[in-house]
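[1] Quick one, structure for this:
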Amino acid sequence: MTYRRKDAYYRRARATGYRARSAYKLAQLDDRFHLLRRGDHVLDLGAWPGGWLQVARERVGTEGRIVGIDVETVARLPASNVFLITGDVRDPAAIRAAVDRLGRAADVVLSDLAPKLTGIRETDAARMTELADAARHALPVSLRPGGQFLMKTFMTPGHDELVGELRRVFGDVHTTRPEATRHGSSELYVVGRGYDPGRS
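    The predicted structure follows:
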């Protein structure tokens, strides 16, 4: 069953021109939570290979603006309102550069960040937590008040604390898994709506 699900989404992505099967995760989450709207400004943290950029571009339309940032170089998309920055989201200067390219604080911040795994549980958990913290700490600079946040996270020892911190600054927080998630995966997605930095 696991491989049939994986192959089905992989084949669908290839057939429809999406760069990754993860595009369907964002599409499913947006269908449920209505995060992306026409004309929105969107920041995509951990944008490689670009599947989430493609979905975001479809949802915000030509009126919107999207900036993706990743340590890996992302191939350009054939869209005049999608911009790419090669940089590390843990670097505040890289986040500021991305926001400058966006033109203003984002309406929606997306994060599909995941570390390169070593197979050593403690090391991998620490790296996952580090990236999740980097995405959260970027919010005061990158997300407008009232904005929306979608972040991939993992079932690590710091997960509950992370969600608790997000509940302090978002009016509505959900933890969920889209149907496109591989069976047996430890990844989860946290949705935060109604950003209120003054509550921190």
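[2] Please count neighbours and contacts with C-alpha atoms only from this point.
    OK.
[3] Is the closest residue to Tyr24 other than its chain neighbours within a helix or a strand, and which one?
    Sequence neighbours aside, Ala180 is the residue nearest to Tyr24 in space, at 6.2 Å (criterion: CA to CA, 6 or more residues apart in numbering). Assessed by DSSP states H and E, Ala180 sits outside every helix and strand.
[4] Just read off the phi/psi values of Ala180.
    Dihedral pair for Ala180: phi -80, psi -10, per degrees, to the nearest 10.
[5] From Asp107, how far out is it?
    Distance from Ala180 to Asp107, counting by CA to CA, to the nearest Å: 25 Å.
[6] Compare these two and say which is more crowded by neighbours.
    Remark: of Ala180 and Asp107, Asp107 carries more neighbours, 22 against 19, as counted by other CA atoms under 10 Å.
[7] can you confirm that one is in a helix?
    No: judged by DSSP: H, G, I helix; E, B strand; the rest coil, Asp107 forms no part of a helix; its state is strand.
[8] which residues sit in contact with it?
    40-42, 143-144, 146-148 (CA atoms under 8 Å, 6 or more residues apart in numbering).
[9] one more time with 7 Å
    Residues near Asp107 by CA atoms under 7 Å, 6 or more residues apart in numbering: 40-42, 143-144, 147-148.
[10] Go through these and name the one nearest Leu113.
    Val42 (15.5 Å; CA to CA).
[11] any chance you could map the helices in this structure?
    2-16, 23-33, 51-60, 92-102, 121-142, 159-169 (DSSP state H).
[12] Of those, which stretch is the most buried?
    Comparing those by mean neighbour count (mean count of other CA atoms under 10 Å), helix 51-60 ranks first with a mean of 22.
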